[in-house]
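*Asks:* Predicted model follows, preceded by the sequence.
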Amino acid sequence: RKLFTGENPFDGLKVTVHANKSRQAFIPRDVIDKCIEAAPDAQWRLIIALARFGGLRTPSETLALTWDCIDWEHSRIRVPSPKTEHHAGGDYRMIPMFPELKTHLLVAFEAAETGVPWVITRYRQASVNLRTQFLKIIMRSGQKPWPKLFHNLRASRQTELAESYPLHVVCQWIGNSQLIAQEHYLTVNDAHFAKALSGPVKAECSALQNALQSTAESDRTRPQAKNGDSEKSLGLPLCADICSDVHNIGIPPTGFEPVYAD
């Protein structure tokens with residue numbers, strides 16, 4: 001029996017976590033709007049908004065947020081990141097104060113107690129399970145719960161932002177790498193299909209279809225050529241005349257051997 005030396009035998013081994021696509025889901029805005037309406041108070045509405053529209057990790061980053069992280073003048077938010085703080089420069093990241101967040105932040109700020117640094121104060125106790133409470137809010141709103149309740153809110157925001165901004169910018173805001181984003185966050189949703197069916201490609205296809213229909217109608221209404229001109233109208237050679245000329249060519253009365261002069 002070997003004594004434990006304190007060394008980890010698995011040090012140096014890379015762990016690869018593969019995405020479970022069946023648990024990835026894009027959560028549309030109308031679903032979140034109904035959840036926000038069903039939330040019990042302003043702080044819960046802010047928690048949902050920070051996850052879905054700010055892309056914050058919940059609960060870690062949401063509960064780490066303090067009022068001095070809110071830059072009202074420049075409309076930016078400094079997001080402390082306990083998960084990545086052990087990496088160089090990973091202790092926080094800056095995100096825009098998106099319009100979907102500003103109203104909820106203002107309401108929470110107006111109700112904040114003087115001297116209390118935390119943005120979220122009512123749900124900080126260790127006994128509070130945000131996931132369980134959020135599940136109840138979703139059910140109360142009449143929506144069907146989705147897998148990975150908070151992660152898919154964050155992933156939905158990254159998918160949404162990637163439609164309008166370069167991926168390296170979006171990853172900086174969300175706080176992950178492009179590889180992780182493509183593997184675990186970005187999804188294909190109904191909006192992508194709807195855009196494909198209504199964008200420039202559709203207009204080009206419609207124009208092509210109209211042109212083909214116009215050509216077909218023109219062919220149907222074009223007068224038929226007379227019998228004597230039928231071959232000429234089709235651009236074909238007069239095969240009968242050519243064949244007749246071939247038959248009129250004389251064939252020497254010799255066999256295969258050439259004829260030599262005496």
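*Replies:* Perfect, I can see it now.

*Asks:* Which stretches in the stretch 151-262 of the chain count as strands?
*Replies:* Shown for the stretch 151-262 of the chain, no strands are assigned by DSSP state E, counting those that start in this stretch.

*Asks:* Do a quick rundown of the helices in the stretch 151-262 of the chain.
*Replies:* Using DSSP state H, counting those that start in this stretch, the helices found in the stretch 151-262 of the chain span residues 167-174, 178-180, 190-198, 200-221, 230-233, 239-247.

*Asks:* quick one: the first one to chain centroid distance?
*Replies:* Using Cα atoms, centre = their mean, to the nearest Å, we find the averaged C-alpha position of helix 167-174 to lie 14 Å away from the chain's own average C-alpha position.

*Asks:* Does anything pack onto that helix? Which helices or strands?
*Replies:* strand 92-96, helix 149-161, helix 178-180 (3 or more Cβ pairs under 8 Å, 6 or more residues apart in numbering; DSSP states H and E). Yep, even glycine has a C-beta here, placed from its N, CA and C like the rest.

*Asks:* starting at the chain centroid, how far to the longest one?
*Replies:* Spelled out, it's helix 149-161. Counting by Cα atoms, centre = their mean, helix 149-161 comes out at 10 Å from the chain centroid.

*Asks:* can you check the first one too?
*Replies:* Relative to the chain's own centre, strand 92-96 is displaced by 22 Å; criterion: Cα atoms, centre = their mean.

*Asks:* just to revisit the earlier point, by mean pLDDT, show me the worst of the helices of the stretch 151-262 of the chain.
*Replies:* Least confidently modelled of the helices of the stretch 151-262 of the chain is helix 230-233, at a mean of 46 by mean pLDDT.

*Asks:* how close does residue 57 get to residue 150?
*Replies:* Distance of residue 57 to residue 150, computed by Cβ to Cβ, to the nearest Å: 8 Å.

*Asks:* between those two, which one's more packed in?
*Replies:* residue 57 (22 against 19; other Cβ atoms under 10 Å).

*Asks:* Figure out the helix or strand that the more buried one lives in.
*Replies:* Assessed by DSSP states H and E, residue 57 sits outside every helix and strand.

*Asks:* what's it in contact with, if anything?
*Replies:* Contact analysis of residue 57 by Cβ atoms under 8 Å, 6 or more residues apart in numbering lists 81, 83, 150, 154, 175.

*Asks:* Of all the helices and strands packed on helix 167-174, which one is nearest residue 44?
*Replies:* Residue 44 lies closest to helix 149-161 among the helices and strands packed on helix 167-174, at 12.8 Å (Cβ to Cβ).

*Asks:* Just want the angle from the closest one to helix 190-198.
*Replies:* Angle, helix 149-161 to helix 190-198, by axes from the mean of the first three to the mean of the last three Cα atoms, to 10 degrees: 20 degrees.

*Asks:* Averaged pLDDT, helix 149-161. What do you get?
*Replies:* Across helix 149-161, pLDDT averages out at 96.
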